[in-house]
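>>> Any chance you could fold what I've pasted below:
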Amino acid sequence: MTRVLVYSHDTFGLGNIRRMLAISQALTEADPNVSVLILSGSPMLHAFRMPPRIDYVKLPCLARDTEGVYGVKYLNLDYAAALRLRSSLIVSAAIEFAPDVVLIDKKPLGVDGELEAALDLLAGQECRPEVYLILRDILDDPEVTQRIWDKHDYHGAIAKHYDGVLVAGSPSVFDVAQEYAFPAATREITEHVGYLHRQAGRKTREEVRATFDLDGLPLVLVHAGGGGDGAPLIEAFIEGLSARAGRAPFYSWIISGPEMDAGARERLGARAASLPHVRFDDFTDDMSSCMAGADAVVSMGGYNTVCEVLSLRKPALIVPRSRPVKEQAIRALRMADRGYLACMLDSEMTPAALIAGAMRLTMNGAAQVRARHALPFEGLDRIADVVCRQAPLRPRLQRSTQDRRGRVAAAL
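Now for the predicted structure:
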């Protein structure tokens, strides 16, 4: 078996773990000899179905607030102690699992350097694994990103530890190496592999729609990703519906996200329940099926959401967040300029504008779908090709339990 160790950077929302789960599943589907161990602090990891030959080690949860400040989500530990605990778990997993390939999500050294000990350990192995950095199409504003990467010497870490940088996007939308001024050494091993195509999910469009009494209305899916900062979008949409007189222009399916504040979720759910042709749910582990059943989508602009609406051919109005990072806003504006979707910045968002935008999608959203034919969507296949076909198997070294314990202690 080829062993792949996956580190998922998770401190806010569901985006990172959903993306890395999709990549992990693509690896196991591409090669029956691949098994994957995921390291993640996502508080919702247990809610997702694990495909065969994929398992996970749950790291203690960290949290990131809307200003970008990290902290400990649940445990009564200070931040430094939580990082040490996470780092020790990562080192132990790396030694015991003995991966052939390592995929790191977004941060070359993990959150605040928590991967460094494990990467140093793996680099010293007699049979060193191949290590790849997985980047989404856009990280943040170029100036901010360059400052952060310089501060943490990420390019030095890439030169020391990494065999490649795989960007899940297209340079026609955002050329990561150019926009972030990668040095020649990093640029040389950086490859744009295309966006991550999403399948229709576990349920057919007909099965999804059969759960609604649509009464001839189009079905508009409204969701806020993980929901941690999604209450303003959901509230404005509900206010827009409430202000309309007469028959609803469409059936609204609102999914708040599991990380929305419980009080806000209950309040918005109660308001939605008072309106006709509205359904309110707090979570789904099969968003692709939900989108497949919808006629149009209104949502925030996370990477996974955009990949889903594009690959499932759904007209979309994206209302991106713009803080603490500008990633969503940059993505939505670039794609709106090319006609791939509609964009409404949060500063432009009003209840009436949201409802009007959703109505436009149901009436003439086909132009968006036609424009998307130029986008590449082979990211999952190309990552699987790198891992399963280009990465040679290493002979596995047999070590005693005492030796492994000694290596863990030395690494820490």
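>>> where along the stretch 1-150 of the chain do the strands fall?
2-8, 34-40, 54-58, 62-64, 70-72, 101-105, 130-136 (DSSP state E, counting those that start in this stretch).
>>> Any idea how many residues pack against residue 113?
15 (other C-beta atoms under 10 Å). For the C-beta atoms, the positions are set from N, CA and C on the backbone; glycine is no exception.
>>> List the backbone torsions phi and psi for the nearest residue to it once chain neighbours are set aside.
Distance criterion C-beta to C-beta, 6 or more residues apart in numbering; nearest residue to residue 113, sequence neighbours excluded, is residue 152 at 7.5 Å. Dihedral pair for residue 152: phi -100, psi 0, per degrees, to the nearest 10.
>>> Can you give me the pLDDT of residue 152?
Note on residue 152: pLDDT of 96.
>>> residue ranges of the strands in the stretch 251-400 of the chain, please?
Under the criterion DSSP E, counting those that start in this stretch, strands of the stretch 251-400 of the chain are mapped to 251-255, 278-281, 296-299, 316-318, 342-343.
>>> Packing partners of the fourth one?
Counting by 3 or more C-beta pairs under 8 Å, 6 or more residues apart in numbering; DSSP states H and E, the packing neighbours recorded for strand 316-318 are strand 296-299, helix 303-311, helix 327-337, strand 342-343, helix 351-364.
>>> and if you look at the third one?
With contacts defined as 3+ C-beta pairs under 8 Å, 6+ apart, the packing partners of strand 296-299 are strand 219-223, helix 231-243, helix 303-311, strand 316-318, helix 351-364.
>>> which outside residues touch it?
The contact list for strand 296-299 (C-beta atoms under 8 Å, 6 or more residues apart in numbering) reads 218-225, 233, 237, 250, 291, 305, 309, 314-319, 354, 357-358, 361-362, 365.
>>> and the gap between the residue nearest to residue 113 and residue 115?
11 Å (C-beta to C-beta, to the nearest Å).
>>> could you list every residue that touches residue 321?
229, 300, 301, 328, 329, 346.
>>> tell me the two of these that are most distant?
229 and 329 (13.2 Å; C-beta to C-beta).
>>> list the buried ones in the top helix by length along the chain?
The residue-count maximum for a helix in the chain (DSSP state H) belongs to helix 79-97. Residues of helix 79-97 classed as buried: 82-83, 85-95, 97 (neighbour count, 16 or more other C-beta atoms under 10 Å).
>>> Any idea how many residues pack against residue 281?
Neighbour tally, residue 281, other C-beta under 10 Å: 14.
>>> correct me, but it touches residue 257?
No: look at residue 281 against residue 257 with C-beta atoms under 8 Å: they stay out of range, at 9.7 Å.
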